[in-house]
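> what follows is a predicted protein model with its sequence.
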Amino acid sequence: MLKYDIDSEIEPLTAPMVAAHGLTKLFSGGGADLRAVSDVSFELEPGIFAAITGPSGSGKSTLLHLLGGIEKPSSGEIDVAGTPVHALGESELAKFRLMQVGFIFQAFHLIPNLTIFNNVAMPGLLAGVASAALRDRVLRLLETVGIRDKADRLPHELSGGQQQRAAIARALVNDPQVILADEPTGNLDSAAGDAVLQLLGELNDRGKTLLMVTHDARIAGWAGKQLRMRDGRLVTTAEA
Amino acid sequence: MRRRRARAYLTFGVASIRQRWWEAAVQVGVALLAMAVVGAGLVTASSVPASYAATKLRLNGPDLWVGTQSAAAPALYAEVARLSQVSATTPMYMVQSGVVRAGGKELPAAISPLPDTPPLVGSLTVAGGAWPAPDANVALLERGAAQSMGVGPGSDATVVGGGGSVGLRISAEVRDISHASYPLSTPALVYVTRSVWQALGGDAAATTARFGARIRDLSQLRATALAIRDLAPAGVPIAINDGALVVEGLQPLVLALEGFLVLFGLFGLVACLFFIVGTTRADLIRHARTLGILRATGWSLRQVRWLLMLQRGAPVLLGVLVGAVAAVALAGWMTDQVVQLMGLSAALDAAPLVLAGTGAVFLLAALAAVRLATRGFGRTSPGATLAAGYRQPPSRLAGSLEVGRGGIGPRLGTSLLLGRPGRTSTAVAVLLLGLVTVIFSVITEATLSSFGSEPSTWGYAYDWRVDYVKGLAPADAQHALDGTAGIAASLPVYDVNATIDGNRTDARFVTPAQDLLRFHLLTGRTIASDSEVLIGAGLAASTGLAPGRSVLLQVGSAPTTVLIAGVYRELDNLGQVLVGRDSLLLGLQPKATPAYFVVRLQPGADAAGVRSRLEQSVAGQFVVSPVSDLIAVPLGNVFQAVLLILGFGLAVVAGMVMFAMTMILADEHTFVIGILKAIGARRRQLAASLAWAAGLLIVPAVVLAVPAGILLTAALIAALSQVVGGVDVVLPVAALAIAIPIALLAPILGFAIPARAALAASPLEAIGMER
Ligand SMILES: Nc1ncnc2c1ncn2[C@@H]1O[C@H](COP(=O)(O)OP(=O)(O)O)[C@@H](O)[C@H]1O
Ligand SMILES: [Mg+2]
């Protein structure tokens, strides 16, 4: 006999772009285990700008690494753009990192001995994008982030703000739906920081889901959703 | 202030060694091996004469030796003993030339009577057994000869002297420092009791005699020697030698040994310096930020340089210290091997001084290498150093990754390597040097172990050398040879001492146009007349004599002028030999007798049967030595062992350096691998690029090193051949085919270990591995 299914009744119109369920990350070492992320659950709808805030050491970066497939959870489930990240094997995880998300580090992490052009092109090369198309795309992205003239420079020849823009361009090469940014302005002065934020805002306006770790209450205020963390737990989820 | 700075150095030094312990370990290891090998070579060379001096002191040995004809000896002995400069003499030793047979072997023998009791001034020590009673039916056999015959105290022996033959027992082994012992000098020394001596014919059957004298004032050694010479009646040959003659005879061998050790050690030192330059350069790049911070916070350039020198100098110092201990052990063993053979007791000499000097040179070289590596380091401002982790922008090379060319593996691999061209080129240089070293070891080892093992190399187209007891008339000896079935041909060889152009040498005279001895010409032409001679390569090298020169040849008291027609390859006496026609000698000394005969057997003849028939025909007064025994190099086993140790040690040094170099290189890629992983590179892609990088590093090194190693080794051996003559390079293809891949394992492992770790690590771990 067919029963009435109450869940299907209240299913949202669109599936969440990012979802976490009971997400936990333990770091062992020094005797006791450290719960860097503890039983975190939340959902983000597509196209949203969400901010993760909280004091230093509260697990923000770890959470972002888990979502980006850079770190594996101890338990819990992660769903990003329909991909069950927690269940992926090594090479599927690499493919996920390559295609589905763009990760922006606080310390930029450009490859020091490659030119800016090659740094940005790298994910496309890894994905096997046809060369002419990739060249156009890289140059267009460098244009977008405003460092087209630095294409042949090495990372250390650029200022911090310029390096971070290159990192953003790199995150966009394979056109991921989700951008994960870990304090992207943390190493920048306020002018450079504002420019980077504006760039990220524009991306969000064009439909990318943006999840950003930030210390800055002002920036967090602009977010459509705020995830506040303390001691690895999600303490509040505030909708704007 | 000074102490605080020292603590600052220490803090940094300890931190960096803890972080990169294997770099320090390789430096310790390489310095240790290089020091051990060079130190051992130098200490051995000086320890051989020191051992002689120590043994002489212990035996209260004489300062010089006098040899003369037996008939004239007693009168000369009495007169020398009366000389005021002479404080004491050894007993007079009469010498019969004969044969000793024991353990199924036979050797030409110099037989002397043993004094009834151990003499006060002496040259003999009884090594195994006691001093025999005068009436015992026994003999003492010199240790080297006993070893070569495989007999010892208790063995039965037959001694054939100038006037008879006696069956007896060997009661003990003896060491005698009046001679370099067998096989360095032939014949073997045999001492018999007074009763045996009488049975052999006594003093009447002796041909020569020898005694030693102690000099009151050693500064008068030469004058005393001349005074003794003047005592000899006209026409009586007399030979006076400094006691150290024994050691001098060995000097070429000892020097060769030392030369090899030092050469190998210098190879090790060069590898060590390469490594230091490479790692220091790398540190400047790797720790650019740290160094920038240091400078920005008040360290001077000099202090930074001191810090780097401390980091390199400390491991080298440790290696040098441990290496010095190893050198002493190695030198002790080698000296023992060498001097045992001469009847000496080993004594290490000048070890502290030589080792301290060598160690200081090593340390200074290491510091100079750091200085060299830090050249130009101060030109950038602290600010620039702080900003730039990478000082050599690979602008041209970075283009290798430009979109559109090749697969991701080769492109990424190339860029990983070329991102740090300075580092990569050092690695290639170290790889090259390492491989060349391994190739050098393998070829040298093969060449020297096959050196001289083929009689035909030396032109010896005979099967036996036959010595005869002097009691046997040469004509009877020749007659016996001619009359024995199974012998195809025999040839008398005259062998005398001569002086050519003022240089003493061994001179050999043979019948022209025979084919038992075919002299292998190196330069010039064969002898066309009685007034022409050939000289051995060793004599040519030591005297500078060359074909075309007319020089004075003195045999006995008769001088004549001869033309040097050519230089030939000669094994005997390290090539210090001259060859002329027997008609030349017989013109100068009509009564000269052959020293020995060389004999060729008929093809398929039963050698043992022919030999026993031959010996029976002359009542045992022949000594038959197969040609293969004659070309065994004295100390060959020591050389072999040392070469093996050296070859292996060098290969280990090369392996360690190559391992460390590629390990550092791959380790530095960890950070980049982490980033690539974080942005989605797959393990397979990264593995492919690392494999490409390793290939790009190793393949060119192999392609360059194999020909370079072969050519370099050939050149070095050719230089050696100049001196000895006839050292042909042996290219052991199979051994190389095994050794090179084994040698390559080191750098491949060095690359693979950190690369694997980086591949296995999570992206964040790998990024965090940046040092
Ligand atoms: N790889 C690691 N191993 C052990 N502990 C870690 C590791 N990464 C982070 N932590 C710990 O987890 C906690 C959360 O770290 P993190 O997520 O970086 O905090 P936040 O980004 O909020 O400042 C901290 O206590 C930190 O020390
Ligand atoms: Mg953080």
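Nice, thanks for sending it over. Ligands and ions are numbered 1, 2, ... in the order given.

> got phi/psi on residue 89?
I went with chain A, as the question did not name one. Here is the backbone geometry of A:Gly89 (degrees, to the nearest 10): phi -80, psi 180.

> was after chain B, sorry
For B:Thr89, the backbone dihedrals (degrees, to the nearest 10) come out as phi -130, psi 160.

> number of residues surrounding it?
For B:Thr89, the neighbour count with other C-beta atoms under 10 Å in any protein chain shown is 20. Backbone N, C-alpha and C define where each C-beta goes, glycine included.

> which neighbouring elements make contact with the strand or helix carrying A:Val120?
Assessed by DSSP states H and E, A:Val120 sits inside helix A:116-127. The elements that helix A:116-127 packs onto, with contact taken as 3 or more C-beta pairs under 8 Å, 6 or more residues apart in numbering or on different chains; DSSP states H and E, are helix A:90-99, helix A:131-145, helix A:160-172, helix B:408-418.

> would the first one count as contacting chain B?
Going back to what we said before, that points to helix A:90-99. Yes - applying C-beta under 8 Å from any C-beta of the partner chain, one finds helix A:90-99 touching chain B at A:Glu90, A:Ser91, A:Ala94, A:Lys95, A:Phe96, A:Arg97, A:Leu98, A:Met99.

> which stretches in the stretch 601-750 of chain B count as strands?
B:622-626 (DSSP state E, counting those that start in this stretch).

> which residues of the stretch 401-550 of chain B score low on pLDDT?
Residue ranges of the stretch 401-550 of chain B with pLDDT under 70: B:401-406, B:419-423, B:452.

> in it, which spans are helices?
Assigned by DSSP state H, counting those that start in this stretch, the helices in the stretch 401-550 of chain B fall at B:408-418, B:421-450, B:474-483, B:537-543.

> could I get those helices as CSV with distance to ligand 1 and mean neighbour count?
As requested, those are exported to CSV (distance: least, C-beta to the nearest ligand atom, whole Å; neighbours: other C-beta atoms under 10 Å in any protein chain shown):
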stretch, distance to ligand 1, mean neighbour count
helix B:408-418, 25, 23
helix B:421-450, 29, 22
helix B:474-483, 91, 16
helix B:537-543, 70, 22
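
> could these go into a markdown table alongside distance to B:Arg229?
Listed next are these as a markdown table, based on distance: least, C-beta to C-beta, whole Å:
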| stretch | distance to B:Arg229 |
| --- | --- |
| helix B:408-418 | 74 |
| helix B:421-450 | 41 |
| helix B:474-483 | 30 |
| helix B:537-543 | 24 |
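
> I'd like those helices as CSV, with distance to chain A appended.
Listed next are the helices of the stretch 401-550 of chain B as CSV, based on distance: least, C-beta to the nearest C-beta, whole Å:
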stretch, distance to chain A
helix B:408-418, 6
helix B:421-450, 10
helix B:474-483, 81
helix B:537-543, 55
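
> among those, which comes closest to B:Val95?
Nearest to B:Val95 among these is helix B:474-483; the distance by C-beta to C-beta comes to 19.3 Å.

> and that closest one, what does it pack against?
strand B:464-468, strand B:487-500, strand B:596-601, helix B:607-617.

> can I get these in JSON lines with distance to chain A?
Shown next, in JSON lines, are the helices and strands packed on helix B:474-483 (distance: least, C-beta to the nearest C-beta, whole Å):
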{"stretch": "strand B:464-468", "distance to chain A": "71"}
{"stretch": "strand B:487-500", "distance to chain A": "69"}
{"stretch": "strand B:596-601", "distance to chain A": "72"}
{"stretch": "helix B:607-617", "distance to chain A": "73"}
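
> nearest to A:Thr14, out of the ones you listed?
Per C-beta to C-beta, nearest to A:Thr14 of the helices and strands packed on helix B:474-483: helix B:607-617, 103.7 Å.

> excluding chain neighbours, what is closest to residue 195?
In the absence of a named chain, this looks at chain A. Closest residue in space to A:Ala195, ignoring its immediate chain neighbours: A:Gly161 at 6.3 Å, by C-beta to C-beta, 6 or more residues apart in numbering or on different chains.

> switch to chain B, please.
B:Asp135 (4.7 Å).

> before we move on, the earlier item: which PyMOL command selects the buried ones in the residues of helix A:90-99 next to chain B?
What follows is the PyMOL syntax selecting those of the residues of helix A:90-99 next to chain B that are buried according to 16 or more other C-beta atoms under 10 Å in any protein chain shown:
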select buried, chain A and resi 94+95+96+97+98+99
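
> how about the residues of helix A:90-99 next to chain B, which pair is most distant?
Greatest spatial distance in these: A:Glu90 and A:Met99, 15.4 Å, computed using C-beta to C-beta.

> show me the contacts for A:Val120.
A:Val138, A:Leu141, A:Leu142, A:Ala166, A:Ala169, A:Arg170, A:Val173 (C-beta atoms under 8 Å, 6 or more residues apart in numbering or on different chains).

> swap that for B:Phe648, sorry
With contact taken as C-beta under 8 Å, 6+ apart, B:Phe648 is in contact with B:Ser441.

> which residues of chain A lie near ligand 1?
A:Phe27, A:Gly29, A:Leu34, A:Ala36, A:Gly54, A:Ser56, A:Gly57, A:Ser58, A:Gly59, A:Lys60, A:Ser61, A:Thr62 (C-beta under 6 Å from any ligand atom).

> may I ask which of the residues you listed has the most neighbours?
A:Lys60 (26 neighbours).

> does that one touch A:Val213 like I think?
Yes - if you go by C-beta atoms under 8 Å, A:Lys60 and A:Val213 touch, sitting 4.5 Å apart.

> so residue 43 is in which element?
Because you didn't say which chain, this covers chain A. Element membership of A:Glu43, judged by DSSP H and E, is strand A:34-44.

> nope, chain B please
Per DSSP H and E: B:Val43 is located in helix B:21-59.

> pLDDT weak spots in chain A?
Those would be A:1-13, A:30-31, A:240, if you go by pLDDT under 70 across chain A.

> deepest-packed of the helices and strands packed on helix B:474-483, please.
strand B:464-468 (a mean of 25; mean count of other C-beta atoms under 10 Å in any protein chain shown).

> can you give me the end-to-end distance of stretch B:517-527?
Taking C-alpha to C-alpha, to the nearest Å, stretch B:517-527 runs 13 Å from one end to the other.

> which residues are in contact with it?
By C-beta under 8 Å, 6+ apart, the residues outside stretch B:517-527 that reach it are B:457-462, B:491, B:493, B:510, B:512, B:533-534, B:537, B:546-548, B:564-570, B:579-581, B:598, B:725-726.

> which of those count as buried?
If we count by 16+ other C-beta under 10 Å, the contacts of stretch B:517-527 have these buried: B:457-462, B:491, B:493, B:510, B:533-534, B:537, B:547, B:564-570, B:579-581, B:598, B:725-726.

> among these, which are in strands?
Filtering the buried ones among the contacts of stretch B:517-527 for membership in strands, criterion DSSP state E, returns B:491, B:493, B:510, B:533-534, B:564-568, B:579-581, B:598.

> follow-up on the earlier one: any residues in contact with both of A:Lys60 and A:Val213?
With C-beta under 8 Å, 6+ apart as the test, A:Lys60 and A:Val213 both reach A:Ile52, A:Thr53, A:Asp182.

> how about the nearest residue to residue 25, chain neighbours excluded?
Answering for chain A, as no chain was given. Spatially, and ignoring its direct neighbours in sequence, A:Lys25 is nearest to A:Val37 (4.1 Å; C-beta to C-beta, 6+ apart).

> that's the other chain; I wanted chain B
B:Pro315 (7.6 Å).

> do I have it right that that neighbour meets B:Gly29?
No - taking contacts as C-beta under 8 Å, B:Pro315 lies outside contact range of B:Gly29: 9.0 Å.

> just the strands in the stretch 51-200 of chain B please.
Going by DSSP E, counting those that start in this stretch, the stretch 51-200 of chain B shows strands at B:64-69, B:86-89, B:93-102, B:105-113, B:124-128, B:138-142, B:156-161, B:164-176, B:188-192.

> quick one, which of those strands gets closest to chain A.
Of all the strands of the stretch 51-200 of chain B, strand B:124-128 sits nearest to chain A, with 67.1 Å by C-beta to the nearest C-beta.

> pairing partners for the closest one, with directions?
Next to strand B:124-128 in the sheet, as set by DSSP bridges, lie strand B:164-176 (antiparallel).

> cheers, nothing more for now.
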